[in-house]
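Novice: generate a structure from the sequence data that follows.
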Amino acid sequence: MNKVEINKTMKLSQHLASPSEAALSQISELNGIRLSPHFTLGELCKTSYHTLDGNIPSHVAIENLKRICEGWLEDLRYSYNRLYGDEGHEIPIIINSGFRSEEVNRKCGGAKGSNHLTGCAVDIHCYGPEQMIRMAGILLDIADGTKRDFDELIQEKRGSTYWIHFAVRPNDNRRKILFDCH
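Specialist: Now for the predicted structure:
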């Protein structure tokens with residue numbers, strides 16, 4: 001195990017509020033783990049909240065994230081680019097939030113029992129209402145075309161920021177579709 005040095009000139013609260021060498025090392029390692037051709041574990045675990053737990057998912061949460069990436073996000077990326085991309089220039093799917101530890105979920109104001117806690121949800125960044133509607137339509141087409149179900153497809157807006165909260169559980173999916181635009 002790597003030894004983590006403590007800066008004796010810093011207060012304990014500063015150590016706890018800044019990422020440790022160990023946490024930064026774990027994030028770097030997660031970036032190297034591919035869940036699918038275009039998505040890494042680090043990308044689906046990134047957070048701007050500094051936590052003691054490093055926002056590291058369990059093996060079960062990793063399998064759930066992999067299911068979303070392989071079965072949905074890769075199809076969304078392919079279909080969106082086929083329909084709206086420029087030749088020779090692929091548009092990436094950007095994830096704002098994927099897995100959240102209890103601590104991260106609490107700090108960001110996430111719902112208790114959120115699908116993010118088990119790696120069953122992602123928030124997909126959208127560049128405006130038009131892209132959000134197009135991506136939501138593609139996700140619905142994927143569900144209908146493959147006969148696979150999802151748990152939640154929520155189109156959200158806060159201020160000038162748009163995203164799609166998309167969740168897929170291993171079972172008991174509800175196909176809940178909402179517009180939550182404040």
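
Novice: can you give me the helices for the chain?
Specialist: Ranges of helices in the chain, per DSSP state H, are 12-17, 21-31, 41-45, 59-68, 74-84, 102-107, 129-146.

Novice: quick one, which of those is nearest to residue 166?
Specialist: helix 129-146 (6.3 Å; CB to CB). Quick note: C-beta positions are derived from backbone N, CA and C, even for glycine.

Novice: so how far is residue 109 from residue 163?
Specialist: Taking CB to CB, to the nearest Å as the measure, residue 163 falls 15 Å from residue 109.

Novice: higher neighbour count, the two?
Specialist: residue 163 (21 against 6; other CB atoms under 10 Å).

Novice: quick one, what contacts the closest residue to the more buried one other than its chain neighbours?
Specialist: Of all residues not flanking residue 163 in the chain, residue 123 sits nearest, at 4.8 Å (CB to CB, 6 or more residues apart in numbering). Applying CB atoms under 8 Å, 6 or more residues apart in numbering, we find residue 123 in contact with 95-98, 156, 163-166.

Novice: and residue 123, what pLDDT?
Specialist: On the pLDDT scale, residue 123 is placed at 98.

Novice: quick check: bridge partners of it?
Specialist: residue 97, residue 165 (DSSP bridges).

Novice: can you tell me how far it is from residue 79?
Specialist: On the measure of CB to CB, residue 123 and residue 79 end up 19 Å apart.

Novice: and for residue 95?
Specialist: Residue 95 is 17 Å from residue 79, by CB to CB.

Novice: swap in residue 86?
Specialist: 15 Å.

Novice: what about the two, which has more around it?
Specialist: The neighbour comparison of residue 86 against residue 79 (other CB under 10 Å) goes to residue 79, with 19 against 8.

Novice: the more buried one: what's its closest spatial neighbour, skipping adjacent residues?
Specialist: residue 138 (4.8 Å).

Novice: burial measure for that neighbour, as a count.
Specialist: Counted by other CB under 10 Å, the residues lying close to residue 138 total 20.

Novice: what does residue 169 give?
Specialist: 17.

Novice: ok, it - contacts?
Specialist: By CB under 8 Å, 6+ apart, the contact list for residue 169 reads 64, 115, 118, 120, 151.

Novice: mind listing what the residue nearest to the first one when sequence neighbours are not counted touches?
Specialist: The reference is to residue 64. For residue 64, ignoring the flanking residues on the chain, the nearest one in space by CB to CB, 6+ apart is residue 119 at 3.8 Å. The contact partners of residue 119, by CB under 8 Å, 6+ apart, come to 44, 57-58, 60-65, 68, 98-99.
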